[in-house]
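Visitor: what's the 3D shape of this:
(chains A and B)
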Amino acid sequence: MSDTVDWTEAAPGVVYQRCTACDSRWYFRRSFCPRCGDSAPVVLQAEGLGHVHALSVVARAPCAALRPEVPYGIALVDADEGFRLMTRAAPGLRLGDRVRLRFILSAGALLPYCETTDHV
Amino acid sequence: MSFIRGAAALGYGKHPGRDTLDLMSDAAQRALDDAQLLRADIDGLLCGYSTTLPHLMLSTLFAEHFGLQPSYAHGMQLGGATGFAMVMLAHHLVDSGVVRRMLVVAGENRLTGQSRDAAVQTLAQVGHARYEVPLGATIPAYYGLVASRYLQEHGVSEADLAQLAVLMRRQAQLHPGAQFRDPITVNDVLASKPVASPLKLLDCCPVSDGAAAFVVSRDALPGPAVSIRGTGQAHTHQHVSAAPSLTRFGARESVARALSGAGIALSDVRYLGIYDSFTVTLAILLEEIGLCPRGQSGPFARDGYFDRSGALPLNTHGGLLSYGHCGVAGAMAHLVEACLQLTGRAGLRQAGSPALALLHGDGGVLSSHVSLVLEGRA
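Guide: This next block holds a predicted model:
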């Protein structure tokens, strides 16, 4: 668990959890499986590949610090490992596109960012 | 059995210099007047939350201020679904005899009581504090994500969605309390400022000041009356990242529970009050509930199906999109309008003489659903 890298802890990686009892997978960290209640889920490093499920381009920033960054894309990405996460998104993506995650600094925060695998 | 014995909403928009308690008190007094009751006749109180007056005990704060000493009181928080959820609870508490007459009230100065940035930031907290909010996502962005999926899966265009904003504005023209009454066209919606694609400014409800209140009672006034016939809820998720589906939410299940309780079919309904925080919200709810085919809410709106004179009148006050959205009281205005329609008191906006109305609200990102079936006696 301690050797995983998690952007919510300012390190460039995405982690998810898997239940060893029922094989359920999920993104939001907790100490139990929300499906079967098992108390020993494992924390795993995601490879960072998936498909775009939904997209929006934000033109109205929620706060002054993000105002210089608009417009920026937000995506829901279905990761290959079987969980869904929200990320920033490269311009020009479409639903269903194959994407790879990298990490960007935005207003001082490290954030996951998805871009097409065609470019890399 | 319970009745909505009294109902009132203020005009929505700007109420400069009036705070949450001022606005709630104004609506509560009007609801009491409509119900022909005095403060001493009220033994129960349910309050919605206020983003401009966060408080641990808003119901007793309000009770003290307004002058009530109820035998039952508390607040409720369920986002945009709060108003209808309070009515559902009031119905069951009245029906089971816990209280005799419940005052349900909410309001706030969401527009003039805080900066626009503060409003946007407060509302963005509907997102996940660790996994969504840091990305700079906003409420319109969460709904923009939903809309991207909706447009693709059902082959709908942005112009189709715009028809719902045009419809709500058309309805609002006849209501003096509506925040926005100038007619708009599909092109106006399409040309309005981008907010979070595919949603533009006119796809989004405004931020408003306002308040609304009801008295839910065991007894009705003689003459025109509205009874609560069925109630239902469904809750599938909180955050859009965790939604089981972005095209099927809990609306159908919630409505099915309310219809079943009322012992009626969807086809018996003659008036609709449906939550419309964004054009896409209204489109998804209308279609998921089964009030029109998937992908067809825009064309139906264009063709007048949901107009006052149409087959199934909808939000004849103008909805959140044009009457305004002041938080919990936002959807309560849908219910006030439904009560007027069911009792033949909607004046120029009267849409025939509907006997059964369906109300549906959602909170979060189509996360929490509450449905009500009301019956009128004109």
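Visitor: rest of the way, CA atoms for contacts and neighbours
Guide: Will do.
Visitor: Over in the stretch 201-350 of chain B, which residue gets nearest chain A? Let me know.
Guide: Closest residue of the stretch 201-350 of chain B to chain A, CA to the nearest CA: B:Ser241 (6.0 Å).
Visitor: helix/strand/coil for that residue?
Guide: Three-state call for B:Ser241 (DSSP: H, G, I helix; E, B strand; the rest coil): helix.
Visitor: Nearest residue to B:Glu108 in space, please, no chain neighbours.
Guide: Closest residue to B:Glu108 apart from its sequence neighbours, by CA to CA, 6 or more residues apart in numbering or on different chains: B:Thr20 at 4.2 Å.
Visitor: Name the helix or strand of chain B that has the lowest mean pLDDT.
Guide: Every helix and strand in chain B was compared by mean pLDDT, DSSP states H and E; the lowest is helix B:116-124, with a mean of 78.
Visitor: next structured bit after that one?
Guide: Sequence-wise, the next helix or strand downstream of helix B:116-124 (DSSP states H and E) is helix B:139-154.
Visitor: the inter-axis angle of that next one versus helix B:116-124?
Guide: Inter-element angle recorded for helix B:139-154 and helix B:116-124: 60 degrees (by axes from the mean of the first three to the mean of the last three CA atoms, to 10 degrees).
Visitor: Tell me the buried residues in helix B:139-154?
Guide: B:139-151 (16 or more other CA atoms under 10 Å in any protein chain shown).
Visitor: ok, and which of those reach chain A?
Guide: Here is what survives when the buried residues of helix B:139-154 are matched to chain A using CA under 8 Å from any CA of the partner chain: B:141, B:144-146, B:148-149.
Visitor: How many neighbouring residues does the residue nearest to B:Glu108 have?
Guide: Counted by other CA atoms under 10 Å in any protein chain shown, the residues lying close to B:Thr20 total 23.
Visitor: Could I get the contacting residues of it?
Guide: Neighbouring residues of B:Thr20 by CA atoms under 8 Å, 6 or more residues apart in numbering or on different chains: B:50, B:52-53, B:107-109.
Visitor: ok, 6 Å please
Guide: For B:Thr20, the contact set (CA atoms under 6 Å, 6 or more residues apart in numbering or on different chains) comprises B:107-109.
Visitor: and if you look at B:Gln69?
Guide: No contacts exist for B:Gln69 under CA under 6 Å, 6+ apart.
Visitor: my read is it is in a strand, agree?
Guide: No - B:Gln69 sits outside any strand when classified using three-state DSSP, being coil.
Visitor: Now residue 50, what are its backbone angles?
Guide: You didn't say which chain, so I picked chain A. A:Gly50 adopts backbone torsions of phi -180, psi -160, taken as degrees, to the nearest 10.
Visitor: Let me rephrase: I mean chain B.
Guide: Main-chain torsions, B:Ser50, degrees, to the nearest 10: phi -130, psi 130.
Visitor: Spatially, what comes nearest to it if we skip its sequence neighbours?
Guide: B:Glu108 (5.6 Å).
Visitor: Helix, strand, or coil at that neighbour?
Guide: For B:Glu108, the secondary-structure state derived from three-state DSSP is strand.
Visitor: Now do the contacts for it.
Guide: By CA under 6 Å, 6+ apart, B:Glu108 lies in contact with B:20, B:50, B:209-210.
Visitor: residues touching B:Gly107, list them.
Guide: B:20, B:23-24, B:210-211, B:329.
Visitor: can you put these in a markdown table and add secondary structure and pLDDT?
Guide: Listed next are the contacts of B:Gly107 as a markdown table, based on DSSP: H, G, I helix; E, B strand; the rest coil; pLDDT from 0 to 100:
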| residue | secondary structure | pLDDT |
| --- | --- | --- |
| B:Thr20 | helix | 97 |
| B:Leu23 | helix | 98 |
| B:Met24 | helix | 98 |
| B:Gly210 | strand | 98 |
| B:Ala211 | strand | 98 |
| B:Ala329 | helix | 98 |
